[in-house]
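# generate a structure from the sequence data that follows.
(2 chains)
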Protein chains: 2
Amino acid sequence: MTPHPTINRDRLFAQLEALNAINRQPDGSCCRLALSDADRQGRDLLVSWMKEIGLEVRIDRIGNIVGLQSGAASTAPVMTGSHIDTVATGGPLDGSLGVLAGLEVVRALAEAGVATKRPLAVAAFTNEEGVRFQPDMLGSLMYAVGFSLDAALQSTAADGTKLGDELVRIGYAGKAQCGEIRPHAYVELHIEQGPLLDRLGEVLGAVEDLQGISWQEVTVRGVSNHAGTTPMSLRHDAAYCAAKAAVFVRDLAKQMGGSQVATVGSVRLVPNLVNVIARQATFTVDLRNTDETLLRDAESELANFLQDLARDEQVSIDARQLARTEPVRFSDQVLSLIERAAQDLGCPIRRMTSGAGHDAQMMARICPTAMIFVPSVGGISHNPKEHTAPEHVDLGANLLLRTLQLLANQ
Amino acid sequence: MTPHPTINRDRLFAQLEALNAINRQPDGSCCRLALSDADRQGRDLLVSWMKEIGLEVRIDRIGNIVGLQSGAASTAPVMTGSHIDTVATGGPLDGSLGVLAGLEVVRALAEAGVATKRPLAVAAFTNEEGVRFQPDMLGSLMYAVGFSLDAALQSTAADGTKLGDELVRIGYAGKAQCGEIRPHAYVELHIEQGPLLDRLGEVLGAVEDLQGISWQEVTVRGVSNHAGTTPMSLRHDAAYCAAKAAVFVRDLAKQMGGSQVATVGSVRLVPNLVNVIARQATFTVDLRNTDETLLRDAESELANFLQDLARDEQVSIDARQLARTEPVRFSDQVLSLIERAAQDLGCPIRRMTSGAGHDAQMMARICPTAMIFVPSVGGISHNPKEHTAPEHVDLGANLLLRTLQLLANQ
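Here you go, the predicted structure:
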């Protein structure tokens, strides 16, 4: 039996560094907002690297970049990938690791002279972060479910530019139909962006599901009044209602337990003055659960609470949905292969949940899919302090290699 | 016995209207920010009216305008007054009523040929609202306690202009020493700016005390983290702490009862995003009570609560005082005279508390002082909808006349 091929850690880190040097900010953060000039430079670099290792590069109409091993066009490829766009103050690994580790796997296998039955493909999806254009995960959404292309191209940034125009401007308005290559399976390597593996001192995660996400914006309309002259019993205080709701959702999540989390992360008061009872409060509620029924329960508990609160405080309360995704359950078959590959590497692996959204959740709609997580030190992400120990990156990339190899030999 | 002299309602309203026509905004609101061009026009009008009715006009070094009846300079005058500056979207009566009703009293007594033993004086104090320059009630503070003049003149507006320079620019940097005329007594007529009289269907209030005010700005520093990937038990959520504190102060005020009120009117979260646990929350707490001991109790309860919260949530919490005034108790002697005057007018009067700050609270430090309130419809003030029924304004002004007459004949 030949030894397993392994990735070249130095080469992988050199490419990560070259990509992240583009438009690096004074604080060290990565800023390659989707379809910006910095994103173009990153894409150009990626495309050149794909071509260097013999991948055929296909750009589709939403700008997704797919590098495909040639030679076996009639067979569905095994795909890996992620995204190379970042938030405005991003870290070095979020997204980029998945794409560049994919390239390194292709390279390492080729160097070792190891062929697979199915070709491999490496994808970089457009606008995963959703910072510059809405919605997030737009490229993989288009790839997997063909969300209206025209609507997607009309998506408008805060500066008024349209996604379609920016694709043309930076030279990535491709001709391929979105999703024309339907993979045999999809596996994505990503940093956890949460604290679990780091806290437990573990290195590998097999992501079995992804939380359903419910985002609501709640607006409370009360009565503005003087903070000194208005007796407590005569108040209709919008700020108090927002505070009461924020405390409620925390209590609700703690009481529900399991995977339920709940966050009020944004509050705006009007007029927002020290001595004026707020007449309006607008706040967001982020509810997540891996179980759709429980997520609906949480939404319903919140709705009932807000209804009672509006009655008790004699204010009006309106909630509108900002975003809603159902939980995603990844493929047991792919998860088993990931676990088998980890066993081959002699490394324990934990089944876990992703709290963040990923391109893999879109791909799960069209092919057997799962993800591999490596730790985020301190759970920190979307931040220049985002960090994963190099040996953990190395192990994650080797697990990706071994998993893709197993899948591509099916 | 001769009939009581009474004020001329039409004349009073005509002057209010002439003053409020200056820089009136499209929505009908009054905008005469302290020492602005609009304030200068109002001052010029006021000074011309004072001279018309034979008052000697004295401008002091902080720009306070005092119109003094001549002839009895050796006797301490009985003073009335208020302010004519407004907030940016002010109503027609806040402050202006007290000043112009004072003029009307002088005029009505003169017309009726009624002389008093003591001269009357009408004051318009500089920068009562505190919108353009800090602190509020600056003119009366300077008048009563001689807060450092140099510091006051250096007070700087948001646009960078200095109070002292603006006084010179608009021609109201007077030569008189602040507070050089020490009154025998001070009575101020004002709208309630709260809902009590209006709710009770009553017309007159004798203000016996004024709440002590404690303003704090509280800053919570927690840890920013992903709203999806961070388990509830690992959060250090600054937004939650702010919400918990806002609910606490409401509960505290309800539990303390009496005159205690508590308001969180301003909250700022960082980064204030739907899917990010806030790393910082800055919020204000406005506590008021007419009893200094109870106000200190409330402050102490809040401090204890915040200390426990910081420990429980493992966040840091710092509070800094933005403003602190002790409760003011007005003169029983003046209050009795106000009540006697109301009886003369055949109108019931309620002893009450002021929830707002007034120039009278400064004057109370140097002479026997009290206030007369007339209703604010709906408790609305600092708003173009601020309104008091004309017959209630009329009754308030006649009560002021009668009270000043009684005081000036002591």
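# any idea of the pLDDT on the closest residue to chain B within the stretch 301-410 of chain A?
Nearest residue of the stretch 301-410 of chain A to chain B, counting by C-beta to the nearest C-beta: A:Gly355, 3.2 Å away. All C-beta spots, glycine's among them, are computed from the backbone N, C-alpha and C. A:Gly355 is assigned a predicted lDDT (pLDDT) of 84.
# what about it, how many neighbours?
26 (other C-beta atoms under 10 Å in any protein chain shown).
# which residues touch A:Ser140?
A:64, A:125, A:128, A:359-363 (C-beta atoms under 8 Å, 6 or more residues apart in numbering or on different chains).
# which strand or helix spans it?
Using DSSP states H and E, A:Ser140 sits within helix A:138-145.
# just the contacts of A:Ser140: which are in helices?
A:359-363 (DSSP state H).
# of these - the most surrounded one?
A:Asp359 (31 neighbours).
# quick one: contacts for that one?
Here A:Asp359 is in contact with A:81-83, A:123, A:125, A:128, A:137, A:139-140, A:188 (C-beta under 8 Å, 6+ apart).
# which stretches in the stretch 1-150 of chain A count as strands?
Taking DSSP state E, counting those that start in this stretch, the strands of the stretch 1-150 of chain A run over residues A:55-59, A:65-69, A:78-82, A:120-124.
# so for B:Ala34, which of those sits nearest?
strand A:78-82 (58.7 Å; C-beta to C-beta).
# quick one, the closest one and helix A:138-145 angle?
With axes from the mean of the first three to the mean of the last three C-alpha atoms, to 10 degrees as the basis, strand A:78-82 and helix A:138-145 are set at 150 degrees to each other.
# picking up where we left off before, out of the strands of the stretch 1-150 of chain A, which comes closest to A:Leu400?
Across these, closest to A:Leu400 is strand A:78-82 (C-beta to C-beta), at 6.4 Å.
# tell me the contacts of A:Val374?
Taking C-beta under 8 Å, 6+ apart, one finds A:97, A:189-192, A:197, A:203-205, A:388, A:392-393, A:395-396 in contact with A:Val374.
# could I get those residues as a markdown table with neighbour count?
Listed next are those as a markdown table, based on neighbours: other C-beta atoms under 10 Å in any protein chain shown:
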| residue | neighbour count |
| --- | --- |
| A:Leu97 | 24 |
| A:Leu189 | 28 |
| A:His190 | 27 |
| A:Ile191 | 28 |
| A:Glu192 | 25 |
| A:Leu197 | 23 |
| A:Val203 | 23 |
| A:Leu204 | 23 |
| A:Gly205 | 26 |
| A:Thr388 | 23 |
| A:His392 | 20 |
| A:Val393 | 23 |
| A:Leu395 | 21 |
| A:Gly396 | 27 |
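# can you list those in a markdown table and add secondary structure and pLDDT?
A markdown table is the format used below for the contacts of A:Val374 (DSSP: H, G, I helix; E, B strand; the rest coil; pLDDT from 0 to 100):
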| residue | secondary structure | pLDDT |
| --- | --- | --- |
| A:Leu97 | helix | 98 |
| A:Leu189 | strand | 98 |
| A:His190 | strand | 98 |
| A:Ile191 | strand | 97 |
| A:Glu192 | coil | 95 |
| A:Leu197 | helix | 95 |
| A:Val203 | coil | 97 |
| A:Leu204 | coil | 98 |
| A:Gly205 | strand | 98 |
| A:Thr388 | coil | 97 |
| A:His392 | helix | 98 |
| A:Val393 | helix | 98 |
| A:Leu395 | helix | 98 |
| A:Gly396 | helix | 98 |
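# now A:Tyr143. Nearest residue, chain neighbours left out?
A:Gly179 (4.7 Å; C-beta to C-beta, 6 or more residues apart in numbering or on different chains).
# what does A:Val270 give?
A:Gln280 (4.0 Å).
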